[in-house]
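# The sequence and its predicted three-dimensional model are supplied below.
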Amino acid sequence: MRMELATEPGLPHAASEDYAAMAAPASGLGGALVLLDGVTPPTAPDGCIHGVPWFVANLGGALLELTVSRRDLTLPQCLADAISRTAEVHRETCDLSHQRTPQATVVLVRWGADARPPVARREPVTAPVPPPDATVGSDPAAGAAASPGHGPEPAAEGAAGLLEYLVLSDSVLLLESFGGRVSAVREASLDEVRRRARSRPRAERAAYIESLRNAEDGFHTAAADPAVVSRAVTGSLPFDRVRSLLALTDGASRWTEVFERGDWGELLARVRAAGPGALLEEVRTAERADPLGERHPRGKAHDDATAVYLAR
């Protein structure tokens, strides 16, 4: 099994707010992947004395431990427990009710013969392979509509066991079948908020988006409230149907989403051929060619970028 990871901070010598880890337990029962993209804090106080790098290190470490050692738990349960555990570490010193308390986007993947199928009532995506470039919301009805012909029951387990996944906010998980079909698993609430923001005067858009962070009709990230797991896109499929997978923070997925260098299939093919490090270098080249964001508008000229690749 090929397992590769590449990560770069947005600026040289700056602390990265991404976290990435993979594990292949010695028991041989499978493996796990954790990818977090910490949300850059505002210049104003955010109620926490620790900072985003500290937060993602603690949340990510808890997630890796739980997804590997507690295979009796579903991925949403692992995320909820990790959020609660991390919150307890700094509840006495920090204001965890602050809207900008440290937080992160999440991609979790777990595979192996003893992986647990998701609880259908809570997780919307359980089709054997999501449709190409699928964007699935947290509504079970939306998941069913995106996967015609498949009901809400968990995917049948193959000889190699199940692959489970969870995606929260705007990081991306690409899944490739042995037939070469590439599907993008995304959680679309931030896309919808940005679409609504475009109807407002430009000077008001950033504040409007910020007002909807972890709000009922807005978008959600992992902060201090474990209930956020209900907003994630989750699902499972037989692991023996998966040729490869690629998890991307938005600093890496901008290869497709911002710079339009190719579609998801072409992005995955590039990583397969040259590795995730080559993908990040191409992103940096595109950023340097448009430093002011005139041709390719984006929130940051350079962003932390991480890509995690698994192939069989």
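Nice, I can see it.

# For Y19, list the residues it contacts.
Y19 makes contact with 34-36, 38, 56-57, 59-60, 104, according to CB atoms under 8 Å, 6 or more residues apart in numbering. Yep, even glycine has a C-beta here, placed from its N, CA and C like the rest.

# quick one: which of the residues you listed sit in helices?
56-57, 59-60 (DSSP state H).

# biggest separation within the residues you listed, which pair?
Taking CB to CB as the measure, the ones in helices among the contacts of Y19 span a maximum distance of 7.6 Å, between A57 and L59.

# Could you pull out the strands in the chain for me?
Here the chain has its strands, by DSSP state E, at 2-8, 18-23, 31-38, 104-112, 162-168, 172-177, 182-185, 233-238, 242-248, 305-311.

# between those, which gets nearest to A223?
Nearest to A223 among those is strand 104-112 (8.1 Å), distances taken as CB to CB.

# quick one, what contacts G47?
So G47 contacts 94-98, 100-101 (CB under 8 Å, 6+ apart).

# Same list (the contacts of Y19) but as a markdown table, adding pLDDT, distance to D303 and neighbour count.
Shown next, in a markdown table, are these (pLDDT from 0 to 100; distance: CB to CB, whole Å; neighbours: other CB atoms under 10 Å):
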| residue | pLDDT | distance to D303 | neighbour count |
| --- | --- | --- | --- |
| V34 | 99 | 19 | 30 |
| L35 | 99 | 14 | 30 |
| L36 | 99 | 14 | 29 |
| G38 | 97 | 11 | 27 |
| V56 | 98 | 14 | 27 |
| A57 | 98 | 19 | 16 |
| L59 | 99 | 19 | 27 |
| G60 | 99 | 18 | 22 |
| A104 | 98 | 14 | 25 |
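
# So T74 sits against E164, correct?
Yes - using CB atoms under 8 Å, T74 is in contact with E164, at 7.4 Å.

# higher neighbour count, the two?
Neighbours per residue (other CB atoms under 10 Å) separate T74 from E164, with E164 holding more: 30 against 23.

# Who is that one paired with across the strands?
Following DSSP bridges, E164 is listed with bridge partners R110, S236.

# can you check L173 too?
L173 has the following beta-bridge partners by DSSP bridges: V185, A247.

# And the pLDDT at A286?
If you check A286, the pLDDT there is 98.

# Where does pLDDT dip in this structure?
26-28, 113-159 (pLDDT under 70).

# list the contacts for the residue of it most remote from its centre?
What lies farthest from the middle of the chain is P201; by CA atoms, centre = their mean that is 29.9 Å. If you count contacts by CB under 8 Å, 6+ apart, P201 has none.

# Look up phi and psi at it.
In this entry, P201 is assigned phi and psi values of phi -60, psi 140 (degrees, to the nearest 10).

# same deal with A24?
The phi/psi pair for A24 (degrees, to the nearest 10) is phi -120, psi 90.

# Now do it against R196, distance only.
Using CB to CB, to the nearest Å, A24 is found at 42 Å from R196.

# cool, A311 as well?
In terms of CB to CB, A311 sits 38 Å off from R196.

# Also T221?
Taking CB to CB, one finds T221 at 18 Å from R196.

# Relative to I209, which of the strands of the chain is closest?
Among those, strand 104-112 sits nearest to I209 (CB to CB), with 14.7 Å.

# who does the closest one touch, helix- and strand-wise?
strand 31-38, helix 52-69, helix 75-90, strand 162-168, strand 172-177, strand 242-248 (3 or more CB pairs under 8 Å, 6 or more residues apart in numbering; DSSP states H and E).

# quick one: the shortest one to strand 233-238, angle?
Angle between the axes of strand 172-177 and strand 233-238 is 20 degrees (criterion: axes from the mean of the first three to the mean of the last three CA atoms, to 10 degrees).

# wait, what's in contact with G180?
G180 makes contact with 243, 265 under the criterion CB under 8 Å, 6+ apart.
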